[in-house]
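Participant: next comes the sequence, and after it the predicted model I'd like to discuss.
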Amino acid sequence: MATGFLPFTGDTTGGIFDSILHKDPTEATRLNTAVPAELQRILDKAIEKDRDLRYNSAAELRTDLKRLKRDTSSGKVSRRTAETASASDSARAAAAQNSAASAETTLPSPKSGWIRYVLGVAIVLAIAAVPAWLYFSRSGSSTEHNFSVTPFTSSPGYKATPAFSPDGKELAYSWKAEKDDGQRIYVQLVGAGTPLRLTSGPGDDDCPAWSPDGRFVSFMRHAKDGSSASYFITSALGGSERKIADAYADPYTVGSLIHWSPDGQHLLVTDRASPQDTHANILLISIENGQRQILFTANAPYLATAAYSPDGKYIAFVQGAGFLAQELFTLRTDTRETTQLTSDKALLAGLTWTPDSKFILLSSTRSGMTGLWRIPAAGGAATPLLGGIENPHAPTTSLDGARFAFISEHFNTNGWRAPGPATKSPGPATKLIASSRGQYDFSYSPDGTRIAFGSDRSGPNEIWICNSDGSNPVQLTSLANFATGTPRWSPDSKLIAFDTRFEGHSDIFVIPAEGGKPRRLTEGPSESAVPSWSRDGKWIYFASDRSNSFELWKVPSAGGTPVQLTHFGGNTDTGADSWIPSRTEPFSITAEV
């Protein structure tokens, strides 16, 4: 804006990226002789490729610009410009003085002309100087006051699994834009530019990971119908895609499923070794020929998110009883010895290593809500990293430790009421139950006077009740659990059954509608969820995998031994009306046979 020319150009987006990363722009003073040498110095420092030499903050940049404006108004700029010339080179000194004199005589008033351009540049560079990531202090400390957080991107659409390039200058991430042509991999320069789309094939792409030399980006592609998935790589500047191997298992996870080996010859994944394999493994897949090498075989049903430490000595991974009951482990790459670092039975929504390989940063629901934590790789207590960040997950760290990126999501779901099919006077839907956070799993009491629902309006997900008109909301449970919901009323409207992950796996509880201590109905390490009452109130039906596959069960509402009802692999969905009970047994279910 000070010259009328862009500092970096190119015929393509990739060419522009290459210019920004590897080329020096033409000096502003050569394009516009009215630009003072001091402004040239400020511009050079603002776009310096070495982050240690750039401005550390927008405040520092603003100070230099204010000083420039002051000195311009007083005439000091021209004198200082002349003083910077080399005394040993009279020609250069004279040229500098002539340039300064020319600048002084041709400069418009500080209220107009290039001063307006300087302010415009300040806005652009201030955004670049306060970029959208989390800074670590240069000393390596992780105390709360050393962090500064601003959005990297807030464009519409769904974003996931960010990953820093090895030099920390670019961020790859998965993005499903509003036009909904699929989820794609994008790369964006940190602090500047627009995102460059890397992938365009069929299906949805996620889990980007950079090769150690920064030349390639690997990713996972999922078929639209969920029937298959594969591992691919492509150039970091865009271009053709190459399939490396099929994925035989596609575990649902919030973190990334792909990382690279330190030598850049393999992809590190959690998958089955073959289509016939029944176990989840940590595998190395050859970039050259797709061959698989087993590093570790899981001894629990769930395995995901394996990542090498920067020194290559360890692999961090997630293992547990299920998606919402996970623990953090490390695997020594030389001895294959594993160490369990957590005992939380929580959802671990992504992990990353610190550059010194001494700590693992992860997203976890260990406190009831999703938060960022730091855990020593050698074992020890977890410490929280940040407070006040909503639903942070999928963290990634630059190798120099200066930046830390993650996804933050805000959910606001509310309950609405609309006239039913039997209504003689249909009308518009009206908002009934609302807060600034989430409401879900609404259930009317049989007597029609109250509504039970789940909400995280107090922090963790809890069971709430309110009047039928949405008034007087009251919190019933205080379990501080990440996954509490599916409230169901007893036929007499006195009790509410619900499911919660009190010990990592889901179980069925009952609580009086007027409040009190929840009473547990199911035990054991299996999943038990989605309760529904019999018409006489004597039984509570639920889904459980306690027989090694999901079946329908029932348990006495007063407490007792669960009884299995189906033996054909029935599996309910988790909707509010997924089962419709008859007088004593369910007669209609959503099932998979």
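Facilitator: Now that the structure is in, tell me what you want to look at.
Participant: just name the shakiest helix or strand of this structure by mean pLDDT.
Facilitator: Ranked by mean pLDDT, DSSP states H and E, the weakest helix or strand in the chain is helix 114-129, scoring a mean of 27.
Participant: give the buried residues for stretch 267-282.
Facilitator: For stretch 267-282, the neighbour count (16 or more other Cβ atoms under 10 Å) marks 267-273, 280-282 as buried. The way it works is simple: take the backbone N, C-alpha and C, and place the C-beta from them, glycine included.
Participant: hmm, which of those is lowest in pLDDT?
Facilitator: Least confident by pLDDT among the buried residues of stretch 267-282: that is residue 280, with 89.
Participant: can you verify my assumption that that residue contacts residue 257?
Facilitator: No - Residue 280 is not in contact with residue 257 according to Cβ atoms under 8 Å; the separation is 11.4 Å.
Participant: can you give me the mean pLDDT across stretch 560-572?
Facilitator: Stretch 560-572 carries an average pLDDT of 79.
Participant: could you find the closest non-adjacent residue to the residue nearest the centre of the chain?
Facilitator: Nearest residue to the geometric centre of the chain (Cα atoms, centre = their mean): residue 407, 2.8 Å. Spatial nearest neighbour of residue 407, excluding adjacent residues (Cβ to Cβ, 6 or more residues apart in numbering): residue 394 at 4.7 Å.
Participant: same check on residue 355?
Facilitator: residue 401 (4.3 Å).
Participant: on the three-state scheme, the one you found is what?
Facilitator: coil (DSSP: H, G, I helix; E, B strand; the rest coil).
Participant: kindly report the same for residue 40.
Facilitator: With three-state DSSP as the basis, residue 40 sits in helix.
Participant: got it, and residue 472?
Facilitator: Local secondary structure at residue 472 is given as coil here, using three-state DSSP.
Participant: number of nearby residues for it?
Facilitator: Look at residue 472: counted by other Cβ atoms under 10 Å, it has 9 neighbours.
Participant: who's in contact with the closest residue to it other than its chain neighbours?
Facilitator: Closest residue to residue 472 apart from its sequence neighbours, by Cβ to Cβ, 6+ apart: residue 466 at 5.7 Å. Counting by Cβ atoms under 8 Å, 6 or more residues apart in numbering, residue 466 makes contact with 433, 450-451, 453, 472-474.
Participant: could I get those as JSON lines with distance to residue 555 and pLDDT?
Facilitator: As requested, the contacts of residue 466 are exported to JSON lines (distance: Cβ to Cβ, whole Å; pLDDT from 0 to 100):
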{"residue": "433", "distance to residue 555": "29", "pLDDT": "90"}
{"residue": "450", "distance to residue 555": "24", "pLDDT": "95"}
{"residue": "451", "distance to residue 555": "25", "pLDDT": "95"}
{"residue": "453", "distance to residue 555": "23", "pLDDT": "95"}
{"residue": "472", "distance to residue 555": "31", "pLDDT": "92"}
{"residue": "473", "distance to residue 555": "29", "pLDDT": "93"}
{"residue": "474", "distance to residue 555": "27", "pLDDT": "94"}
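Participant: so where's the stretch 51-200 of the chain uncertain?
Facilitator: 51-52, 56-59, 62, 66, 68-148, 154, 178-180 (pLDDT under 70).
Participant: residue boundaries of the strands in the stretch 351-500 of the chain?
Facilitator: Using DSSP state E, counting those that start in this stretch, the strands of the stretch 351-500 of the chain run over 359-364, 371-376, 383-384, 392-397, 403-408, 415-417, 430-433, 439-444, 450-455, 462-467, 474-475, 484-489, 495-500.
Participant: circling back to that earlier point, inside strands: which ones of the buried residues of stretch 267-282?
Facilitator: If you go by DSSP state E, the buried residues of stretch 267-282 have 267-271, 281-282 in strands.
Participant: from the residues you listed, which is closest to residue 228?
Facilitator: Here the nearest of these to residue 228, counting by Cβ to Cβ, is residue 271; it sits at 12.6 Å.
Participant: residue 259 is in contact with residue 210, correct?
Facilitator: No - counting by Cβ under 8 Å, residue 210 stays clear of residue 259, with 9.4 Å between them.
Participant: end-to-end on stretch 263-281?
Facilitator: This stretch, stretch 263-281, spans 20 Å end to end (Cα to Cα, to the nearest Å).
Participant: contact partners of that stretch?
Facilitator: So stretch 263-281 is contacted by 209, 211-213, 218, 231, 244, 247-249, 251, 257-261, 282-288, 292-298, 301-308, 315, 317 (Cβ under 8 Å, 6+ apart).
Participant: buried ones among those residues?
Facilitator: 209, 211, 218, 231, 244, 247-249, 251, 257-261, 282-285, 287, 292, 296, 298, 302-308, 315, 317.
Participant: who are the neighbours in contact with the residue nearest to residue 427 when sequence neighbours are not counted?
Facilitator: In this structure, residue 427 finds its nearest non-sequential neighbour in residue 419, 5.6 Å apart by Cβ to Cβ, 6+ apart. Contacts for residue 419 (Cβ under 8 Å, 6+ apart) come out as 425-427.
Participant: can you put these in CSV and add distance to residue 160, neighbour count and pLDDT?
Facilitator: Compiled in CSV, the contacts of residue 419 are given as follows (distance: Cβ to Cβ, whole Å; neighbours: other Cβ atoms under 10 Å; pLDDT from 0 to 100):
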residue, distance to residue 160, neighbour count, pLDDT
425, 45, 5, 73
426, 40, 9, 73
427, 39, 8, 79
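Participant: JSON lines for those, including distance to residue 557?
Facilitator: Below are those laid out as JSON lines (distance: Cβ to Cβ, whole Å):
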{"residue": "425", "distance to residue 557": "38"}
{"residue": "426", "distance to residue 557": "37"}
{"residue": "427", "distance to residue 557": "38"}
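Participant: low-confidence stretches in the stretch 451-593 of the chain?
Facilitator: Scanning the stretch 451-593 of the chain for pLDDT under 70 picks out the ranges 482, 504, 569-593.
Participant: related to what we said a few turns ago, right, and the residue nearest to the centre of the chain touches residue 158 too?
Facilitator: No - using Cβ under 8 Å, residue 407 is not in contact with residue 158, being 9.7 Å away.
Participant: related to what we said a few turns ago, how many residues are close by the residue nearest to residue 355?
Facilitator: 19.
Participant: same deal with the one 3 residues further on?
Facilitator: Neighbour count for residue 404, taken as other Cβ under 10 Å: 23.
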